[in-house]
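Colleague: no sequence on this one, just coordinates:
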Ligand SMILES: Nc1ncnc2c1ncn2[C@@H]1O[C@H](COP(=O)(O)OP(=O)(O)OP(=O)(O)O)[C@@H](O)[C@H]1O
Ligand SMILES: [Mg+2]
């Protein structure tokens with residue numbers, strides 16, 4: 001029993017997983033149900049039609065018998081001829097004339113087989129029947145009079161519908177006579193088994209047809225998803241620009257196909273950014289390492305004095321510092337990408353913080369002939385502070401000031417200004433006077449390793465990570481960084497800090 005149960009559970013599980021099985025099973029069940037219901041409905045309809053027809057026949061012939069009996073003067077021999085004649089005229093119809101108690105048979109057709117003991121309980125008064133009725137009138141009358149007929153089963157298995165009518169026949173008998181009319185219904189047991197077999201055959205045929213149809217339909221539906229799957233399996237790192245076709249996709253699958261294609265769009269752009277990043281990275285590491293290698297090889301090519309070695313090492317230390325800064329920056333960005341750089345934000349006093357950054361860059365500014373300026377403003381009701389992570393704020397500001405000093409013209413000013421808003425938000429600006437950043441570069445300078453072409457050639461110091469770090473830091477704070485630069489105007493980088501969450 002447990003083995004059979006397990007097998008049944010396995011089969012059910014397989015059906016639940018297979019769409020073909022589900023579709024086929026549903027179509028088959030529905031078809032079988034429809035055929036069964038239809039079959040039973042037709043059977044019921046035929047039965048009631050047959051009954052109405054038989055009852056009409058019984059009624060109209062009862063009227064005949066009554067009129068004939070009246071015309072024949074109620075002679076028993078004539079009565080006998082009348083019922084004989086009746087059976088000859090309508091093959092399935094049998095008749096008998098009985099005395100009122102239903103005991104003695106006055107006249108009966110040859111095939112009359114209804115024993116008087118089994119007469120129906122309901123007796124219909126035949127005087128209520130008008131004579132010489134048309135078929136349509138009889139049908140109408142039948143509905144109005146609702147004659148009580150009953151089914152009688154003979155010992156040989158045949159079934160009859162019987163109508164018993166009371167007819168006043170003074171010449172024949174002092175009391176009214178009973179006329180029994182019986183019509184054999186075609187509803188014999190053989191016929192019923194035959195009908196049942198037909199119905200079962202119909203159901204089996206419907207089930208067979210429906211399951212073939214179900215398998216075919218399911219195959220057609222699933223062919224679409226198989227096609228999508230085949231297209232999806234063609235897409236790899238080498239063919240990331242391939243998209244699933246929308247032209248012959250069924251409407252129901254368009255949405256998921258679109259979603260899949262959009263996912264590919266996102267993957268492709270992330271993939272392209274990543275490969276650009278790694279090739280830039282290789283390129284930027286190769287230059288300083290090449291320099292270091294060249295210098296070391298030259299130094300080793302012949303014996304050198306201690307001073308010469310010292311000079312080589314000193315220049316190497318500069319390169320090492322640059323490399324280490326770059327690797328530190330890249331680590332920072334990688335951690336920010338993976339959300340590992342967690343923010344420990346608190347209120348920071350703007351004056352103190354700007355003074356500190358200016359302090360870091362005082363010497364460099366002096367060297368480049370630039371004056372560093374500070375301006376802190378707070379809107380009415382706002383405190384002079386910003387909600388931020390202190391070390392990250394310093395890092396972002398330092399990157400901007402370093403750029404500003406690098407690109408600012410000798411003899412000009414670099415201004416650090418802060419504006420605190422009443423809602424707790426704050427904007428910080430670093431402005432310098434120098435060559436404007438061309439508009440086509442302004443959006444891209446925040447990307448990793450992106451440097452404006454002329455700057456890349458002119459300076460060996462930058463790696464193009466500074467502004468990418470600024471952007472990352474601002475995203476961690478839920479804010480953003482922007483730039484405004486146009487010829488003849490100061491270049492202004494702005495950090496937008498939102499109010500604390
Ligand atoms: N104040 C500025 N004026 C003009 N151009 C600027 C200014 N700040 C940045 N840029 C341009 O944006 C580019 C990207 O700046 P970013 O700070 O990201 O890199 P970098 O300064 O070259 O190198 P790093 O900061 O990593 O040492 C720079 O190469 C420069 O061309
Ligand atoms: Mg920089």
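Modeller: Nice, thanks for sending it over. If you're wondering where the values come from, they're calculated on a predicted model, not measured in any experiment. Residues are numbered from 1 along each chain as shown. Ligands and ions are numbered 1, 2, ... in the order given.

Colleague: okay, CA-based contacts and neighbour counts for the rest of this
Modeller: OK.

Colleague: Could you check the pLDDT of the residue lying closest to residue 160 once chain neighbours are set aside?
Modeller: Excluding the flanking residues, the one nearest residue 160 by C-alpha to C-alpha, 6 or more residues apart in numbering is residue 184, at 4.3 Å. We have a pLDDT of 81 for residue 184.

Colleague: could you pull out the strands for the stretch 201-350 of the chain?
Modeller: 346-349 (DSSP state E, counting those that start in this stretch).

Colleague: Enumerate the residues of this protein near ligand 2.
Modeller: 403, 466 (C-alpha under 5 Å from the ion).

Colleague: can you rerun that using 6 Å?
Modeller: 399, 403, 466 (C-alpha under 6 Å from the ion).

Colleague: Leaving out sequence neighbours, find the closest residue to the last one.
Modeller: Pointing back at residue 466 there. Residue 466 sits nearest to residue 399 (C-alpha to C-alpha, 6+ apart), 5.5 Å away.

Colleague: Which parts of the helix or strand encompassing the one you found count as buried, going by neighbours?
Modeller: In this structure, residue 399 sits in helix 390-407 according to DSSP states H and E. Across helix 390-407, burial judged by 16 or more other C-alpha atoms under 10 Å covers 390, 392-401, 403-407.

Colleague: how far away is the residue in the stretch 1-150 of the chain positioned nearest to ligand 2 from residue 60?
Modeller: Closest residue of the stretch 1-150 of the chain to ligand 2, C-alpha to the ion: residue 17 (57.9 Å). Distance of residue 17 to residue 60, computed by C-alpha to C-alpha, to the nearest Å: 65 Å.

Colleague: Residue 425 against residue 479, yeah?
Modeller: No - contact criterion C-alpha atoms under 8 Å: residue 425 and residue 479 do not qualify, at 9.6 Å.

Colleague: For ligand 1, see how far away residue 234 is.
Modeller: 38 Å (C-alpha to the nearest ligand atom, to the nearest Å).

Colleague: Next one, pLDDT for that residue please.
Modeller: The model's pLDDT for residue 234 equals 84.

Colleague: and what of residue 375?
Modeller: Note on residue 375: pLDDT of 96.

Colleague: Can you tell me which residues in the protein are near ligand 1?
Modeller: Applying C-alpha under 6 Å from any ligand atom, we find that the chain lies next to ligand 1 at 403-404, 407, 436-437, 445, 450-452, 455, 462-468, 491.

Colleague: Just the buried subset of those residues, please.
Modeller: Buried among the residues of the chain next to ligand 1 (16+ other C-alpha under 10 Å): 403-404, 407, 436-437, 445, 450-452, 462-468, 491.

Colleague: Looking at those, which are in strands?
Modeller: Within those, residues falling in strands by DSSP state E are residue 491.

Colleague: List the ones among the buried ones among the residues of the chain next to ligand 1 that fall in helices.
Modeller: Among those, the members found in helices (DSSP state H) are 403-404, 407, 466-468.

Colleague: Out of these, give me the two with the largest separation.
Modeller: 407 and 468 (17.5 Å; C-alpha to C-alpha).

Colleague: shaky segments in the stretch 351-500 of the chain?
Modeller: 453-461 (pLDDT under 70).

Colleague: would you list every one of the strands in it?
Modeller: Counting by DSSP E, counting those that start in this stretch, the strands of the stretch 351-500 of the chain are 371-378, 385-388, 413-420, 426-432, 480-484, 491-497.

Colleague: Figure out which of these is closest to residue 21.
Modeller: strand 480-484 (54.7 Å).

Colleague: Kindly state the beta-bridge partners for residue 375.
Modeller: When bridges are called by DSSP bridges, residue 375 pairs up with residue 417.

Colleague: Next, count neighbours for it.
Modeller: A count of nearby residues for residue 375, using other C-alpha atoms under 10 Å, gives 14.

Colleague: show me where the chain has helices.
Modeller: Counting by DSSP H, the helices of the chain are 2-17, 19-71, 76-89, 135-145, 189-234, 251-300, 306-337, 350-367, 390-407, 439-442, 453-458, 466-476.

Colleague: quick one: the fifth one to chain centroid distance?
Modeller: For helix 189-234, the gap between its own C-alpha mean and the chain's C-alpha mean amounts to 25 Å (C-alpha atoms, centre = their mean, to the nearest Å).

Colleague: For it, name the packing helices and strands.
Modeller: helix 19-71 (3 or more C-alpha pairs under 8 Å, 6 or more residues apart in numbering; DSSP states H and E).

Colleague: tell me the angle the helix it packs on makes with helix 2-17.
Modeller: 100 degrees (axes from the mean of the first three to the mean of the last three C-alpha atoms, to 10 degrees).

Colleague: same for helix 19-71, what does it pack against?
Modeller: Partner elements for helix 19-71 (3+ C-alpha pairs under 8 Å, 6+ apart): helix 2-17, helix 76-89, helix 135-145, strand 159-167, strand 177-184, helix 189-234.

Colleague: if you average pLDDT over each of these, which comes out lowest?
Modeller: helix 135-145 (a mean of 65).

Colleague: Quick one: neighbours of the residue of the stretch 1-150 of the chain closest to ligand 2, just the number.
Modeller: 11.

Colleague: same deal with the one 5 residues further on?
Modeller: The number of residues packed around residue 22, counting by other C-alpha under 10 Å, is 17.

Colleague: residue contacts, it?
Modeller: Listed by C-alpha atoms under 8 Å, 6 or more residues apart in numbering, the contact set of residue 22 reads 15-16.

Colleague: how much space is there between it and residue 33?
Modeller: Taking C-alpha to C-alpha, one finds residue 22 at 16 Å from residue 33.

Colleague: Excluding chain neighbours, what is closest to residue 470?
Modeller: Nearest non-adjacent residue to residue 470 (C-alpha to C-alpha, 6+ apart): residue 396, at 4.9 Å.

Colleague: any idea how far the closest residue to ligand 2 within the stretch 401-501 of the chain lies from residue 450?
Modeller: Per C-alpha to the ion, residue 466 is where the stretch 401-501 of the chain lies closest to ligand 2, at 4.2 Å. Between residue 466 and residue 450 the computed distance is 10 Å (C-alpha to C-alpha).
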